[in-house]
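[1] predicted structure and sequence below. I'll ask about it afterward.
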Amino acid sequence: MLCREKGALVVATFKTTISHLVASLNRQLEKEVEEQLRHLRLPIEQVRVLEALCQISSPGGLTMSELAGYAVVDTSTFTKVVDRMVGENLVYRAPDPTDRRKVRVIATPDGEAVYAEMKPLLEAQEKKLQAAIADFSSEQVSAQVASVLHKLCNREGGQSSSSSEGSSLN
């Protein structure tokens, strides 16, 4: 399998590990999104945050830890990501009505408008990915990947770093 990336030829052979292939696929998908949304000047982390807030969120938004998990953003940099988005009027922070230790993040009307603009591009990418794996049902692939992720995150004797770090964000 061959993939051209800025003039460099990347060759994936049968010796390539699954983890490398998954990481490479993720990198390629993120690059495509960033290129297609270049005019919005949104890094992929902000794209994921808006996607999580506008697709998953209830009207009261999500806590910082919930959002970091859904958006798959490294918790060590997540506060900075949200700070930038607050500064760009894409999201705002609000106190959690039931737990004053927690902060909720909510999309602003500007953030919702940006998401509405990028949603068709994200959906097109998802369809393209589904077409690329057409020999398998997308539901089967999604279920298998989710199962592997669940098993890796819940291994006996340990947690993934994202789930253990995510609890510190409230």
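    Yes, it's here. Bear in mind that the values here come from a model prediction, so they are computed numbers and not experimental data.
[2] can you pull out the strands in the chain?
    2-5, 8-11, 62-63, 91-95, 103-107 (DSSP state E).
[3] what is the fourth one packed up against?
    Yep, that's strand 91-95 we're talking about. With contacts taken as 3 or more C-beta pairs under 8 Å, 6 or more residues apart in numbering; DSSP states H and E, strand 91-95 sits against helix 44-55, helix 75-87, strand 103-107. Quick note: C-beta positions are derived from backbone N, CA and C, even for glycine.
[4] quick one: contacts of that strand?
    Here strand 91-95 makes contact (C-beta atoms under 8 Å, 6 or more residues apart in numbering) with 49-50, 53, 60-61, 82, 85-86, 102-108, 111.
[5] who wins on neighbours among these?
    residue 49 (30 neighbours; other C-beta atoms under 10 Å).
[6] please, where are all the helices along the protein?
    For the chain, helices defined by DSSP state H occupy the ranges 18-36, 44-55, 64-71, 75-87, 109-132, 138-153, 161-166.
[7] any idea of the angle the longest one forms with helix 138-153?
    Orientation check (axes from the mean of the first three to the mean of the last three C-alpha atoms, to 10 degrees): helix 109-132 against helix 138-153 gives 110 degrees.
[8] dump helix 109-132 to CSV, keeping only the CA atoms.
    Written as CSV, here are the backbone C-alpha positions of helix 109-132 (Å, rounded to 0.1, in the frame of the first residue of the first chain):
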residue,chain,number,x,y,z
PRO,A,109,-23.6,30.5,18.6
ASP,A,110,-20.3,31.3,16.7
GLY,A,111,-19.0,27.9,17.6
GLU,A,112,-22.2,26.2,16.5
ALA,A,113,-22.0,28.2,13.2
VAL,A,114,-18.4,27.0,12.6
TYR,A,115,-19.5,23.4,13.4
ALA,A,116,-22.4,23.7,10.9
GLU,A,117,-19.9,24.8,8.3
MET,A,118,-17.5,22.0,8.9
LYS,A,119,-20.0,19.2,9.5
PRO,A,120,-20.5,18.4,5.8
LEU,A,121,-16.8,18.0,5.3
LEU,A,122,-16.5,15.7,8.3
GLU,A,123,-19.5,13.7,7.1
ALA,A,124,-17.9,13.4,3.6
GLN,A,125,-14.7,12.2,5.1
GLU,A,126,-16.6,9.5,7.1
LYS,A,127,-18.3,8.4,3.9
LYS,A,128,-15.0,8.2,2.1
LEU,A,129,-13.6,6.1,5.0
GLN,A,130,-16.6,3.8,4.9
ALA,A,131,-16.2,3.4,1.2
ALA,A,132,-12.5,2.5,1.6
